Each structure stands twice: as structure tokens, then as C-alpha cells.
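In: Using only what follows, build the 3D model:
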Amino acid sequence: MDLSTNYLGMKLRTPLVPSASPLSEEIDNIKRMEDAGASAIVMYSLFEEQITHETYELYHHLTKGTESFAESLTYFPEPDDFVLRAEEYVEHVRKTKAAVDIPIIASLNAHSEGGWSEYAKHIQDAGADALELNIYYIPTDMNLAGEDVDKKYVDILKSVKSAVNIPLAVKLSPFFSNFANIAKRLDAAGADALVLFNRFYQPDIELETLEVVPRVLLSTPMALRLPMRWIAILYGKIKADLAATSGVHKPPDVLKMLMAGANVTMLCSVLLKHGIDQIRVIEQGMKQWMEEYEYESVRQMQGSMSQQNCPHPSAFERAQYMRALHSYDTTKII
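Out: Numbering: from 1, shown residues only. Predicted coordinates:
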């Protein structure tokens, strides 16, 4: 049985790829994920703010008071010469590459164009096999048109693309007026893969302290419906590979995503909740199902239930909306 798949120009042993999470902060965990069957690892993210904030803060403290005397103006180097936390990330990528045999996909979490693109080059030089660009941008300017928002994503991609020559994936949210169009534009701009979907941080309110607080909620299997739908719609219509993330918890989740058209399925919440060994459990469950239904390879099922290949393509669009609502059995309500 051949479980291999192709993603970002790499042949992977299976479609099971742990996504960016705190698990990859420790090399021991990365080794454990490799031993459990991970075919590649997406590293935790280096955030744009980590680069820009630390640069300006350090520059402020080192230059404070330097104008007191003319001769002290050149005592300190410019911010570009500082060694910041971003350098620790680059070094972690380098050490990880030396510690494991599977591909390492670094991750940049960004929301604007800027000098941080140079760190993409540093990450490439550290040995990363590919780079995932996680664009986390929430437009709140009422005067900013949707077209301008879309252009921002394309410009960020082009900026990073010009800095590296390793494969580049773009991780997106579903919050676009026309997701099919932005997918097409990113594909045309050179994205080697689209990762669907990013789960945006949603703040909560603490009633006792009246504070806005972060609360991380792990995904549930229900979350797979949205990425599965869009992967099925995009399959065969763009050149970029498709990675499924959010809601992948069990073997059937992986199989459904592959049939929709995914090249890989990314795991996060299930590993944080149940442990790294779930990678092995999911792979074994895939094998059992494929043996039972006589599938010889992953490629045999990829895209078989995409919109262009399934018996009823309208099932992925509005045509099934009314049918779904009317099919609910109200006799089960207590």
C-alpha cells in the first residue's frame, strides 16, 4: 500500500503533517513526531511583531541619551546589526534540520510587507525545506475596500517570494468576499500551496475583571467541514497544492480531506489533546480502511470526491442549502 503524497515539491511518506504549534519548540518533541510517523513538520511561527518590536525597543534603550555629547552619536550599531530573538528561531531551524530526516517547513506569521522578509532568507539559509506564510490580518479600517485587502495578501506573498527560492505555502482564513478569487490570485502570484484554514484568535471578555482576555479553544472534528468544502471546490482549478488544517482528528477526517483533493492533512489540536502518538494511530486507521475498501494508494483517492469529480457537483454550493435544512429530523427534539 502506497501512502505517499506530493506537497511543495517534496514526496512525503504519508499525508500526515503536524502543523505549527508549541510542540515544535522542543527538538525532542520533533524527534518523537518523526518516530510516530510524521512525514514533515511545520515549525512554530516566528511573528512579525517579534522582529519589529524587539528591534525598536532595543534601539531605543541603546540610543537613549546618546545625543548628550556629539562624540557619542556613533557608539552603537544600527538595528539591522542586532542579534534578536528572530535569530534564535533561525538557529532552532538549523538544529532541527540536523536532528531529523524529515522535511522541515518553517513558519512566518505576518500582516504587512516590510523588512522582516529578510528573515525568510535567513530561514532558508538555515536549511528549511519550505516556508509557510501565515497571514493573520484583521482589517478594521472602514475606509479600506475589499480589493485593497486582497491586494495586501498578494503583495505580502510577492515580497516573501522575491526573497527566497524554496517552496512557499500561504495559510489563509476563509474571511474573503470571494475566496475563490483570492485563491486564484495567490496561485497566479506564485504560491506553491494554500493551507486552509487559519483559525483566528477570538478574544473573550472576563466578566469579573472586565478584561479582554485570550482563550485558546482547540478545534473539533466539526471544523473540518469548511476547509473540506473549499478544497473540493479548488481542486483541479489551481496549480498550487492544497493542505487541509482544522478539525482533522481521526482517520476518517484524513480520508475525507484526501478525497476532497488535499495533498496533506495537518494535525494540531488532536496532538495537543491526546498526545503525539496519535499520528501513529491515525496512520494505522487509514491503512485499515484502505485495505477494507481495496485502495492501493493515497493518490488513487485524492480528488475523487472533489467538485469536478463527484457525481453531484452542486452538493458543494447553495443548491443543497434548502435540502439540508429540510432534512433535519425535528422529531428528535426533546
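
In: When you work out contacts or count neighbours from here on, use the C-alpha atoms and nothing else.
Out: Fine.

In: how about the strands in the chain?
Out: In the chain, the strands defined using DSSP state E lie at 5-7, 10-12, 16-18, 41-47, 104-110, 130-135, 168-172, 193-196, 204-206, 211-213, 241-244, 264-267.

In: Ok, which of these comes nearest residue 94?
Out: strand 104-110 (9.7 Å; CA to CA).

In: next one: the closest one to chain centre, how far?
Out: 8 Å (CA atoms, centre = their mean, to the nearest Å).

In: what's it in contact with?
Out: With CA atoms under 8 Å, 6 or more residues apart in numbering as the test, strand 104-110 has contacts from 20, 40-48, 93, 96-97, 120, 123, 128-137.

In: and the residue lying closest to residue 304 once chain neighbours are set aside, how far is that from residue 306?
Out: Spatial nearest neighbour of residue 304, chain neighbours left out: residue 259 (5.1 Å); criterion: CA to CA, 6 or more residues apart in numbering. Residue 259 is 7 Å from residue 306, where distance means CA to CA, to the nearest Å.

In: quick one: which of the two has more around it?
Out: Using other CA atoms under 10 Å, the more surrounded residue of residue 259 and residue 306 is residue 306, with 27 against 23.

In: these two touch, right, the more buried one and residue 262?
Out: No: the pair residue 306 / residue 262 is not scored as a contact, 9.5 Å apart, by CA atoms under 8 Å.

In: Return every residue with contacts to both of these two.
Out: 231, 235.

In: do you know how far the nearest residue to residue 244 once chain neighbours are set aside is from residue 221?
Out: Once flanking residues are discounted, residue 244 sits nearest to residue 265: 4.8 Å by CA to CA, 6+ apart. Per CA to CA, residue 265 is found 13 Å from residue 221.

In: From the contacts of strand 104-110, list just the buried residues.
Out: Buried subset of the contacts of strand 104-110 (neighbour count, 16 or more other CA atoms under 10 Å): 20, 40-48, 93, 96-97, 120, 123, 128-137.

In: In contact with the closest residue to residue 19 other than its chain neighbours, which residues?
Out: In space, and not counting its chain neighbours, residue 19 is closest to residue 42: 4.9 Å by CA to CA, 6+ apart. Listed by CA under 8 Å, 6+ apart, the contact set of residue 42 reads 17-20, 24, 104-107, 132.

In: Switch those over to CSV; also include pLDDT.
Out: What follows is those, written out as CSV (pLDDT from 0 to 100):
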residue, pLDDT
17, 98
18, 98
19, 96
20, 93
24, 95
104, 98
105, 98
106, 96
107, 94
132, 96
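
In: out of the residues you listed, which are buried?
Out: Buried among the contacts of residue 42 (16+ other CA under 10 Å): 17-20, 24, 104-107, 132.

In: Just the terminal-to-terminal distance for stretch 3-21.
Out: For stretch 3-21, the end-to-end distance is 24 Å (CA to CA).

In: Give me the contact list for that stretch.
Out: Contacts of stretch 3-21 (CA under 8 Å, 6+ apart): 33, 37-45, 107, 130, 167-169, 192-193, 241, 245, 263-268, 279, 283, 297-299.

In: Pull out the buried residues from those residues.
Out: 33, 37-45, 107, 130, 167-169, 192-193, 241, 245, 263-268, 279, 283, 297-299.

In: low-scoring pLDDT stretches of this structure, where are they?
Out: 48-84, 111-116, 200-201, 314-334 (pLDDT under 70).

In: let's see it at 50
Out: Applying pLDDT under 50 to the chain flags the ranges 53-84.

In: where do the helices sit along it?
Out: 27-36, 48-63, 85-99, 117-125, 146-161, 179-188, 225-234, 251-260, 269-274, 278-292, 298-301, 321-326 (DSSP state H).

In: could you dump those helices to TSV with distance to residue 310?
Out: Output for those, formatted as TSV (distance: least, CA to CA, whole Å):
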stretch	distance to residue 310
helix 27-36	33
helix 48-63	41
helix 85-99	40
helix 117-125	39
helix 146-161	30
helix 179-188	19
helix 225-234	9
helix 251-260	9
helix 269-274	29
helix 278-292	19
helix 298-301	12
helix 321-326	18
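
In: which one of the ones you listed lies closest to residue 2?
Out: That would be helix 298-301 among the helices of the chain, by CA to CA, at 6.5 Å.

In: and the closest one, what does it pack onto?
Out: Counting contacts by 3 or more CA pairs under 8 Å, 6 or more residues apart in numbering; DSSP states H and E, helix 298-301 is packed against helix 251-260.

In: okay, the helix it packs on in PDB with CA atoms only?
Out: Backbone C-alpha positions of helix 251-260 (Å, rounded to 0.1, in the frame of the first residue of the first chain) are rendered in PDB as follows:
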ATOM      1  CA  PRO A 251      -8.600   8.600  10.300                       C
ATOM      2  CA  PRO A 252     -12.000   9.300   8.600                       C
ATOM      3  CA  ASP A 253     -11.200  13.000   8.700                       C
ATOM      4  CA  VAL A 254      -7.900  12.400   6.800                       C
ATOM      5  CA  LEU A 255      -9.600  10.200   4.200                       C
ATOM      6  CA  LYS A 256     -12.400  12.800   3.600                       C
ATOM      7  CA  MET A 257      -9.900  15.600   3.100                       C
ATOM      8  CA  LEU A 258      -7.800  13.500   0.700                       C
ATOM      9  CA  MET A 259     -10.900  12.600  -1.300                       C
ATOM     10  CA  ALA A 260     -11.800  16.300  -1.500                       C
END
